[in-house]
Every structure is written in structure tokens, then in C-alpha cells.
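Student: I need the structure of the sequence given here:
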Amino acid sequence: MAIARKLGEAIDNAIGIVSPKRGLMRRKMRSMLYAAAKTTKSTGVWSPVNSNVNVIIGASSAKIRARVRQLVRDFPYFARAVNVSVDYVVGDGIKFQSRIQKPSGDLDQRRIQQTEDVFNFWADEADYAGKLHYYEIMRLAKRQDAECGEFLLVKRYDAKTKSRYLPYCLQTIEPDWLTDYNTTPMGKTGASIIDQGIEYDLDSGRIIAYHFRNPDTWSPSILGRTERIAAADVIHGFDVLRPGQLRGVSPFAPGVLVADDLAMMMDSEIDSAKMASKYLALVKTMDPISRQAAAGVQDGDYGEKIEDLENAIIEYLRPGEDVELTSNPRPGANFMPFVRLVLCMFSVTTGLPYELLSGDYQGMNYSTGKLVRNDFRQALRPLWGRHIRHYCTPTLTPFYNSAVLTGKLTYPGYASNPYRWQLREMQPPGMESQDPLRESKANIDDIAAVLKSPQEIIKARGRDPEAVVKEAAAFKKLCEENGISVADVSTALANNPAAVTGQDAGVSGRAADFEIMDLLESISARV
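Tutor: Residues are numbered from 1 along each chain as shown. Here you go, the predicted structure:
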């Protein structure tokens, strides 16, 4: 291949001596082995930047963050996209569940309860500033991840505040605080470099430290001061899209320009409709020398003649005048389809279903709703996993270490083998069933066929199987204490085919309602 390439280049050079234009064309066509690389009349001079990923991010990230934040503040669909992303990935928290095992492999319930109690105490004061719960910090991190493409947490050890249950806590940092200003690499001479506030090793790419500077303060003691924090004490989460990437970019970046255009168009259309609605009628007159420009006629801002109208009533006409009522065709017939098209594009950009993003559920039925739901659940799985790996794991490992060092938890042999004691599950929020009756029957069949476990079904709904079983046992005990049998719970709806198929829904629904009311009355009488 090398010999053939050199031979081709020699021929191109020879032809170039005789005909420079033809030689140039040969070199150009030889370099374009893909049609996508050709330059045509339709592509024009299309030469995109193809530089190092960190150069591109460094030149664009600040402006992208500012634009995304502005759209989140002012454009409803951007705010909706961030809120939906946070609610479905984190919800009210990806719940911590200890899973410590005995040497036999069974769960060590006593140790589990102790660990979860210590965690719950610490979670209430996990914030360095003393404002946020651990799960609220988790939501904030996801919001930063959506808006800025990255989140930053600093592990702090606050030994001064004696009221703290554990000295270990978390401080949230804006990505804007990362800086190259007044920084010097502290690693090996010539082997480390600082790029966008991140100090890393040139050979391995390993992060050494982070450099922060508060851009919002004018305090003389802080202004211009840069704090260097070792990488081991910083949690930096972002979606890595290219090897060697140091900073994250908002996933909404491809939709920024489209969303801005849509926002401007909607504002323009609304303003035009408001202006058009103000003009009820136009007066035509056969008065070329304006002799009728008399009482009651006022000058507008630009000198035009405007009649004062109250309650859309024209009180009188002058001789020779005619009235033509105006129509208001705004918004046009193509406005809503265009908005839907743009929102579909934005839905693809954000990875959120169009219906959730827009709040428009018109035309949906059970089948399409189920399809959309399944696709969205599949898209959520990697987002759950990444947030658990980038947020939960780095924040919980120091929690275990701090709890053991302060004596709040006693784990024999923890120093030599911490893995056994750090076994845990992080339960994402899950999704409620779209059709509980149908899905419950399908789940029962899957359990009977050993295709699913009850734990898997409970976790898919965002619940802890252990908590569900305990609640069921507590409910059964409560019923027995009040002389009520759990078997009294009605199964009328589950056994009613009409309710399942939708036939005679009104009659069957009312009958089921009466049965439930009768059951409630009998239970109330017993209690």
C-alpha cells in the first residue's frame, strides 16, 4: 500500500508539472475517499473544526453554559427538560441500601440496620453549608450535569463544627470556578500541565489536582486567590464522549440554537397576534385634502390617525367614510405544526419523550404510550448507572471511612477488606405502572414461569423489596389487631373481564365502585 501511494503521488507530481490545475484536482480527489468528504456546490466551504476535544470545549463551554442557563430561566421547554431529567434520574433520591452479608452469605440484618441508621444521621447534615440533605445534593448534581454538562463536589472534613455527627461533608462547586488564573503545576516538572483549571499528568492523563477561584466575590482576602485541591478530594462527574476529555458539555448543546430560534419565533408570533387584535376596524374616507381630520381623531406615536374605541364600539361615522372590519389570522395554520417539529428535534437532543417535554398527550393511546414508556425506561438505565458511579460511589466510600474512624461503625477487619462492609444497593426512583391491572397479571405469570423475581418487579417501581415486605407484614398485623381479615380485600376489578377490555366500562365501573364501597363500610363497621 505504501509503494502504491508513493507511486500515485509521483504521478500526481508529474502531471502537476505539465498541468498544475489537473495535478491539484488529482490530489484533491485522491484525498477524498468518502463522498462525505467531497466539496460540492451544496456543501460549499464546509471545513469544521477538528481539533483536540479539550481545545473545542475550552473555547465553547463558558458560552454554552451561559446560553443554556438563560434558556432554562426564560424558555419553558428548556426548564421542563431539566426538571424532567432530574425527576426521572434522581427523583427524591437514589436510595442507599446496605447489603452487608454474613460469612454464610445471608444478609446481616443487624449490621445493615446499624449502617443505614448512621447513614441517615449523616445524610441530614451532608452539606458543608448545612442547607441540603444528601439526596438534595444529589438532585443538584444532576441539575448541574444537565445544565453545565458536569458537576463538581469537594470532600470537606469539618472538625471545627462540634455538632456534626461526622466530620466528612460535601461542598458543591460551580464549574465556572475552575480556572487557569494564577496557577502553577505542582506535579513532576515538565510532566504535568493545567488545562481549564484541571492539572493532569501528560503521560497517563491521570488527574492530579483541581484549581478553583470564586469569580463572584470582591473580598480583598479572596480576590485573585486560587485554591488547589488534590484530585482525591474532588468529585468531578461528566459524560466522557472522547478519549482524554477533561470537561463536560451540556447534553442540551445541540438544541440551543433551535430552542433560541423557536423562542424568538413564538415571541414574534405572540406580539404580532396581540398587535393584530388591537385593530378592530379601518376607516376609509373620500377626503383627499383631509378636511374631516377634526375632533375625536388623535395622533399615534408616529403621526398616524387613530380613533379611540371603547368596548370595540365605533360611535359615529363622518360623511364620506366607510368602515372595514379587520381579521386576525394569527397564529397561522402552520404555526403549531412547526412548533411540534422543533420540539420533536429538541426531544431527540435531550433524550426525553416528546410528550413529557411538551406536555402534549394528544393522539396517544395505550399502545403508543407503552412504547414510549419502554423506550424511555431503556434510555434511563445508563443515566441511572452513570449517576450511581459518578456521584454515589465517590461520595459513599469516604462516608464509610469517616464512620469507622470516628467509631460510629465497628467493622472488624475493615482496613484489610473494606469491600465486604461496603456492599450496598442504590435504588433509582423507577416508574409507576401505566396499567397496574394488566401489568400485575403479566408480572404474576412471569414470576410463576421464573422469568422474573418479585424483587425485580418491586425495584422497577422504585421501592425497596425489604421495606415492602415489612409494610405488608405490619398491615397484616394491624388488620388482625382490629379483627379484620386480609382475605376480605375485594378482587372484583381483577376478575372483571369488562374492566380489562374496556367493554361496558360505565356499568362495570359503577358496579365495582359499589362493591368497594360496601367493603369499606363493612370494614368501618368492624373497626
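
Student: Residue ranges in the stretch 351-500 of the chain under the pLDDT threshold?
Tutor: Applying pLDDT under 70 to the stretch 351-500 of the chain flags residues 486-500.

Student: And the strands in it?
Tutor: 424-427 (DSSP state E, counting those that start in this stretch).

Student: For the protein, give me the ranges with low pLDDT.
Tutor: 1-16, 18, 21-38, 43, 187-190, 216-224, 276-333, 486-527.

Student: So the residue nearest the centre of it: helix, strand or coil?
Tutor: Centroid-nearest residue in the chain, with C-alpha atoms, centre = their mean: S85, separated by 2.8 Å. In three-state terms, and counting by DSSP: H, G, I helix; E, B strand; the rest coil, S85 is helix.

Student: how close does it get to S60?
Tutor: As judged by C-beta to C-beta, to the nearest Å, S85 and S60 stand 21 Å apart. No exception for glycine: its C-beta is placed from N, CA and C like everyone else's.

Student: Same question for E125.
Tutor: 38 Å.

Student: Which of those two has more residues huddled nearby?
Tutor: Neighbour tally, E125 and S60, criterion other C-beta atoms under 10 Å: the higher count belongs to E125, 19 against 13.

Student: My assumption is that that one lies in a helix; please confirm.
Tutor: No: the assignment for E125 (three-state DSSP) gives coil, which keeps it out of a helix.

Student: Tell me the spacing between it and K155.
Tutor: 15 Å.

Student: Check A81 too.
Tutor: 30 Å.

Student: Contacts for the helix or strand harbouring Y135 next, please.
Tutor: Taking DSSP states H and E as the criterion, Y135 maps to helix 134-148. Under the criterion C-beta atoms under 8 Å, 6 or more residues apart in numbering, residues 65, 68-69, 72, 81-82, 85-86, 89-90, 92-94, 122-124, 126-127, 132, 150-153, 170, 172, 174-175, 237-239, 248, 250-252, 387, 391-392, 395 lie in contact with helix 134-148.

Student: on that earlier part again, the more surrounded of A81 and K155?
Tutor: A81 (28 against 21).

Student: which residues does that one contact?
Tutor: So A81 contacts A146, F252, F346, T350, L352, L357 (C-beta under 8 Å, 6+ apart).

Student: cutoff 10 Å now
Tutor: Neighbour list for A81: 68, 71-72, 75, 146-147, 251-252, 255, 259, 346-347, 349-352, 356-357 [criterion: C-beta atoms under 10 Å, 6 or more residues apart in numbering].

Student: Quick check: which element contains it?
Tutor: Counting by DSSP H and E, A81 is part of helix 76-89.

Student: residues near D360, how many?
Tutor: D360 has 14 nearby residues by other C-beta under 10 Å.

Student: Might one say that it is in contact with R80?
Tutor: No: in this structure, D360 is not within contact of R80 by C-beta atoms under 10 Å, at 11.4 Å.

Student: Regarding stretch 97-106, how distant is the last residue from the first?
Tutor: Stretch 97-106 has its terminal residues 15 Å apart, counting by C-alpha to C-alpha, to the nearest Å.

Student: now it: how far from the chain's centre is it?
Tutor: Stretch 97-106 sits 34 Å away from the centroid of its parent chain (C-alpha atoms, centre = their mean, to the nearest Å).

Student: which residues touch that stretch?
Tutor: Contacts for stretch 97-106 (C-beta under 10 Å, 6+ apart): 107-119, 400, 411, 420-427, 464-467.

Student: for this structure, longest strand please?
Tutor: strand 150-157 (DSSP state E).

Student: Summarise which helices and strands that one is packed against.
Tutor: helix 53-74, helix 134-148, strand 168-173, strand 207-212, strand 227-230, strand 234-238, helix 393-405 (3 or more C-beta pairs under 10 Å, 6 or more residues apart in numbering; DSSP states H and E).

Student: export the ones you listed to JSON lines and tack on distance to D180?
Tutor: Shown next, in JSON lines, are the helices and strands packed on strand 150-157 (distance: least, C-beta to C-beta, whole Å):
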{"stretch": "helix 53-74", "distance to D180": "9"}
{"stretch": "helix 134-148", "distance to D180": "18"}
{"stretch": "strand 168-173", "distance to D180": "16"}
{"stretch": "strand 207-212", "distance to D180": "7"}
{"stretch": "strand 227-230", "distance to D180": "12"}
{"stretch": "strand 234-238", "distance to D180": "16"}
{"stretch": "helix 393-405", "distance to D180": "25"}
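
Student: Relative to L341, which of these is closest?
Tutor: Comparison of those against L341 by C-beta to C-beta identifies helix 53-74 as nearest, at 18.4 Å.
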